[in-house]
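Colleague: Got a predicted structure plus its sequence, pasted below:
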Amino acid sequence: MHKWSPNECNCSIAYTLSVVGGKWNWLLLYKLFQNGVQRYGELKKSIPPITHKMLSQQLKELEAEELIHREEYHQIPPKVEYSLTEKGNTLLPILQLMSHWGKENKPADDAVAQ
C-alpha cells in the first residue's frame, strides 16, 4: 500500500493524507471519538475485519503522529488504553462530516444485497 509523503503534490491535502491516510486510521479515530478511552481488545471487537497486526501498526502510527495517547498500566495482566489527544480532537469536525456524509449517501441495505 502506498504511504503518502507530505511533500507529494506540495499541498495540505497530501500532508493530511500522510498523517491519517491509512485504511483504518479514520475509523479508529472515530471509534475513540465515539467511545472515549478504549482498550486494545475493545477497539479490535468494534472493527472485526481488522487484523491484530494491522490494528497494532495503525495505533502505533497514530500515536507517532500524536493523534492518540497510549496509556500503559504496569499490572498483571497488562492493561493499555487509547484515547484521542488534543491534536486528535482537532479532527472531530472532519470525522463528524464524514459520518454525516456516510449516513446521507449509504445505499439502503436491500440495495447492497442485490
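Modeller: Arrived safely. Numbers count the residues shown, from 1 in each chain.

Colleague: switch to C-alpha atoms for all contacts and neighbour counts from now on
Modeller: Fine.

Colleague: Where does the nearest residue to residue 92 once chain neighbours are set aside fall, secondary structure wise?
Modeller: Of all residues not flanking residue 92 in the chain, residue 33 sits nearest, at 7.4 Å (Cα to Cα, 6 or more residues apart in numbering). Using DSSP states H and E, residue 33 falls within helix 25-35.

Colleague: what's the distance between the helix or strand following that helix and the middle of its chain?
Modeller: Remark: after helix 25-35, the chain's next helix or strand is strand 38-39, criterion DSSP H and E. Offset of strand 38-39 from its chain centre (Cα atoms, centre = their mean, to the nearest Å): 13 Å.

Colleague: And stretch 64-79, by the same measure?
Modeller: 16 Å.

Colleague: could I get it in CSV with only the CA atoms?
Modeller: Taking C-alpha atoms only, stretch 64-79 is exported to CSV below (Å, rounded to 0.1, in the frame of the first residue of the first chain):
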residue,chain,number,x,y,z
ALA,A,64,3.6,8.7,16.5
GLU,A,65,1.6,11.4,14.9
GLU,A,66,0.4,12.5,18.3
LEU,A,67,-3.2,11.9,17.4
ILE,A,68,-3.8,9.3,20.1
HIS,A,69,-2.4,8.7,23.5
ARG,A,70,-1.4,5.3,24.7
GLU,A,71,-1.5,4.8,28.5
GLU,A,72,0.2,1.6,29.7
TYR,A,73,-0.6,0.3,33.2
HIS,A,74,2.1,-1.9,34.7
GLN,A,75,0.0,-4.6,36.2
ILE,A,76,-0.8,-8.3,35.7
PRO,A,77,-2.5,-8.8,33.3
PRO,A,78,-1.1,-5.8,31.4
LYS,A,79,-3.5,-3.0,30.6
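
Colleague: quick one, what contacts the residue nearest to residue 92?
Modeller: Neighbouring residues of residue 33 by Cα atoms under 8 Å, 6 or more residues apart in numbering: 84, 89, 92.

Colleague: All set, thanks.
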